[in-house]
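**Student:** Turn this into a structure:
(chains A and B)
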Amino acid sequence: MIRTLKFLFGSRASDKIVPPRGNSAWLTFSAAAAMAFIAVFALALALAVDRVADRWSLELAQTATVHIVAPVAEIDAQTEAALNALRTTPGIASAEVLGDEAQAALLAPWLGEDLPIDTLPLPELIEVTVIGDGPDVENLKLRLAAEAPGARFDDHSKWRQPLRSAANQLRLMALASLVLVAVTTAIIVTLAANASLAASALIIKTLRLIGATDGYIARAFVRRITFRTLAGAIVGAALAMLVMFPYPALQGSGEVLTTLSFVDWHWALPVLVPVLAAITAFIATQIAARRHLRRAA
Amino acid sequence: MISLTNAAFGYGSVPIIRNVTQELPAGSFHFLTGPSGAGKTTLLKMCYLALRPQQGKIEVFGQDVAKMTRDQVSNMRRKIGVVHQDCQFLDHLTVQENIALPLKVSGRNVDENMDNLMDLLSWVGMNHRIDAMPDQLSGGERQRLALARAVIMSPDMIVADEPTGNVDWEMAERLLTLLIELNKMGKTILLATHDLSLIRAAKGRVSAKVLRLKNGDLQLAGAEL
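**Tutor:** Coordinates of the predicted model:
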């Protein structure tokens, strides 16, 4: 910790021993910028997936359906009995019979717009809105079985589970993207550090001649490359945020692509990208520099 | 100061230095001469700790080189100023920054040592070129700059490897004069050269000894000049 602070706030004099320009300098800066740009998008994707998954889960968790399958003569009576049971059950905010128009709209994608719904033997559907933790499902099912034997309660759990799995997979993919970006950054920075050290062989030889320790030489290179990475990552992250800024996340939308942006305090998260890139560069360069100096001894 | 006992070094199976035994006492002035390929540079490198002996023993300032850690070697090098024929500088730094480099490397404050630095530049006649870049300097100026950098830390010993190899005779004499002045200040000097006229030019001006290397053997071990 003390070594890191010393590195961050120590003398800038050692910086000057590393040539300010060169291919590796440009490589480090541009690679860090590109990686930060991608990382911000991956982060936005991860957060968008999270939001959409939450929304899907919430929407399904807040609703349930009861369908009445009974002889035609008993449908109205059983529907009324089911409604009474539902409306007096704690955890249920409302229970409304789904009208013909609503049922037609639900079936339209499969059976077309001009559906003669009154000629089809469809079950009666009751849309239930739950509040809080919802009703005690087992008790409710028992009550419905007693008062409206044709009523079937569906709390959407069999739909929620695959959605939750899909959302978790998307989250994992977004996180894996972030990890891959970090690993790629580390590899590029290591290559750039090795290139920089190899191109500076004469400088290293000269510094050793005048009594520079490996630690001093490594610090100079690590510091310079870390700050180059930080600068590149700041530029890349800022560009990504600029690209996303005109397209705020559509709160009401359930699609991932239309929510591929940041909301509220999430706009602060991309700030972490350059910091993490700098930490990655610090570790990668430290290892590369020490190894190179040991070999070049 | 430096003590070599049966020191030997080779590259692969080719021996470069064979069983050299020699004392370089503090305050002495030694010329190391011999034909090209005799092993002069290798012997100097062993003296300024760039190479460790493969056989035998070398003690520098009383410490066995073989037992030193890498950081100890680095610290020890600050007590030895080195001047090469092909002086190497950091080309992106100015003359002043290059001379100040050993101070920075050892953690000393450059501003506090600025008077010394300017005195040193005057001594080597480079005070008018402090803002020049190394690639703007002539061969002689580069040698004087290398000498200034070698002595900025006030080392106890100066090791010079063919410092006059790339300069004209007038500049060679001037460099020799600077080295003799350093020796009179108490510094130990080890100067490798194949230029016998330089050795002759030192006669009568300094109490020096001559070491002659041939095929890795020390044939003339400390003859009085």
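**Student:** Quick check: chain neighbours aside, which residue is closest to B:His93?
**Tutor:** Actually, residue B:93 is Leu. It isn't His. In space, B:Leu93 comes closest to A:Lys16 once its chain neighbours are excluded; the distance is 6.5 Å by CB to CB, 6 or more residues apart in numbering or on different chains. Quick note: C-beta positions are derived from backbone N, CA and C, even for glycine.
**Student:** tell me the pLDDT at that neighbour?
**Tutor:** A:Lys16 is assigned a pLDDT of 79 by the prediction.
**Student:** now the one 10 residues further on
**Tutor:** The per-residue pLDDT reported for A:Trp26 equals 84.
**Student:** what about it, is that helix, strand or coil?
**Tutor:** helix (DSSP: H, G, I helix; E, B strand; the rest coil).
**Student:** now swap in B:Thr5 and tell me
**Tutor:** Following three-state DSSP, we place B:Thr5 in the strand state.
**Student:** ok, back up a step: count residues in the vicinity of the residue nearest to B:Leu93, would you?
**Tutor:** Residues contacting A:Lys16 under the criterion other CB atoms under 10 Å in any protein chain shown number 17.
**Student:** Relative to chain A, which residue of chain B is the closest?
**Tutor:** Closest approach between chain B and chain A, counting by CB to the nearest CB: B:Arg78, at 3.6 Å.
**Student:** Next one, pLDDT for whichever residue of chain A sits closest to chain B please.
**Tutor:** Here the residue of chain A nearest chain B is A:Gly211; by CB to the nearest CB that distance is 3.6 Å. Note on A:Gly211: pLDDT of 91.
**Student:** tell me the contacts of it?
**Tutor:** B:Ser74, B:Asn75, B:Met76, B:Arg77, B:Arg78, B:Pro102, B:Val105, B:Ser106, B:Met153 (CB atoms under 8 Å, 6 or more residues apart in numbering or on different chains).
**Student:** The third one against B:Thr69, yeah?
**Tutor:** No - under the contact definition of CB atoms under 8 Å, B:Met76 does not touch B:Thr69, with a separation of 10.3 Å.
**Student:** These two: who's more crowded?
**Tutor:** Applying other CB under 10 Å to B:Met76 and B:Thr69 shows that B:Met76 carries more neighbours, namely 17 against 9.
**Student:** Three-state assignment for B:Glu59, please.
**Tutor:** Under the three-state scheme (three-state DSSP), B:Glu59 adopts strand.
**Student:** Without its sequence neighbours, what residue ends up closest to it?
**Tutor:** B:Ser3 (4.5 Å).
**Student:** So which residues on chain A come close to chain B?
**Tutor:** With CB under 8 Å from any CB of the partner chain as the criterion, chain A meets chain B at residues A:11, A:13-14, A:16-17, A:19-20, A:202-203, A:205-216, A:297.
**Student:** Helices along chain A, start to end?
**Tutor:** Along chain A, counting by DSSP state H, helices occupy A:2-9, A:23-61, A:72-87, A:100-111, A:137-147, A:157-199, A:201-209, A:214-244, A:272-295.
**Student:** Looking at the ones you listed, which one is packed in the most?
**Tutor:** helix A:214-244 (a mean of 22; mean count of other CB atoms under 10 Å in any protein chain shown).
**Student:** need the contact list for residue 194.
**Tutor:** By default, I'm working from chain A. Contact partners of A:Asn194, counting by CB under 8 Å, 6+ apart, are A:Ala288, A:His292.
**Student:** Please refer instead to chain B.
**Tutor:** Shown in contact with B:His194 (CB under 8 Å, 6+ apart): B:Thr33, B:Gly34, B:Pro35, B:Ser36, B:Lys40, B:Glu162.
**Student:** element containing it, please.
**Tutor:** Counting by DSSP states H and E, no helix or strand carries B:His194.
**Student:** For it, give its distance to B:Ala150.
**Tutor:** Remark: distance between B:His194 and B:Ala150 (CB to CB, to the nearest Å) = 20 Å.
**Student:** B:Ala26 too?
**Tutor:** Applying CB to CB, the value for B:Ala26 to B:Ala150 is 17 Å.
**Student:** Same drill for these two, tell me which one is more crowded.
**Tutor:** Of the pair B:Ala26 and B:Ala150, B:Ala150 is the one with more neighbours under other CB under 10 Å, namely 26 against 12.
**Student:** For the residue lying closest to that one once chain neighbours are set aside, list the residues it contacts.
**Tutor:** Closest residue in space to B:Ala150, ignoring its immediate chain neighbours: B:Gly81 at 3.0 Å, by CB to CB, 6+ apart. Contact analysis of B:Gly81 by CB under 8 Å, 6+ apart lists B:Leu147, B:Arg149, B:Ala150, B:Val151, B:Met153, B:Pro155, B:Met157, B:Ile158, B:Val159.
**Student:** beta partners for B:Gly81?
**Tutor:** Residues in a beta bridge with B:Gly81, per DSSP bridges, are B:Ile158.
**Student:** ok, which stretches of chain B are strands?
**Tutor:** Here chain B has its strands, by DSSP state E, at B:2-11, B:14-24, B:29-33, B:55-60, B:63-64, B:80-83, B:157-161, B:188-192, B:208-214, B:217-224.
**Student:** tell me the mean pLDDT for the third one?
**Tutor:** Averaging pLDDT along strand B:29-33 gives 95.
**Student:** Which elements pack onto that strand?
**Tutor:** Strand B:29-33 makes packing contacts with helix B:40-47, helix B:169-184, strand B:188-192, helix B:196-202, strand B:208-214 when contacts are defined by 3 or more CB pairs under 8 Å, 6 or more residues apart in numbering or on different chains; DSSP states H and E.
**Student:** how distant is stretch B:184-193 from the center of its chain?
**Tutor:** Relative to the mean C-alpha coordinate of its chain, stretch B:184-193 is positioned 8 Å out (CA atoms, centre = their mean, to the nearest Å).
**Student:** Now do the same contact list for the spatially closest residue to A:Phe282 that is not a sequence neighbour.
**Tutor:** Excluding the flanking residues, the one nearest A:Phe282 by CB to CB, 6+ apart is A:Thr226, at 4.7 Å. Residues counted as contacts of A:Thr226 (CB under 8 Å, 6+ apart) are A:Ala278, A:Ala281, A:Phe282, A:Thr285.
**Student:** Out of the strands of chain B, which one sits most buried?
**Tutor:** Mean neighbour count (mean count of other CB under 10 Å) peaks for strand B:80-83 among those, with a mean of 26.
**Student:** Thanks again, I'm all set now.
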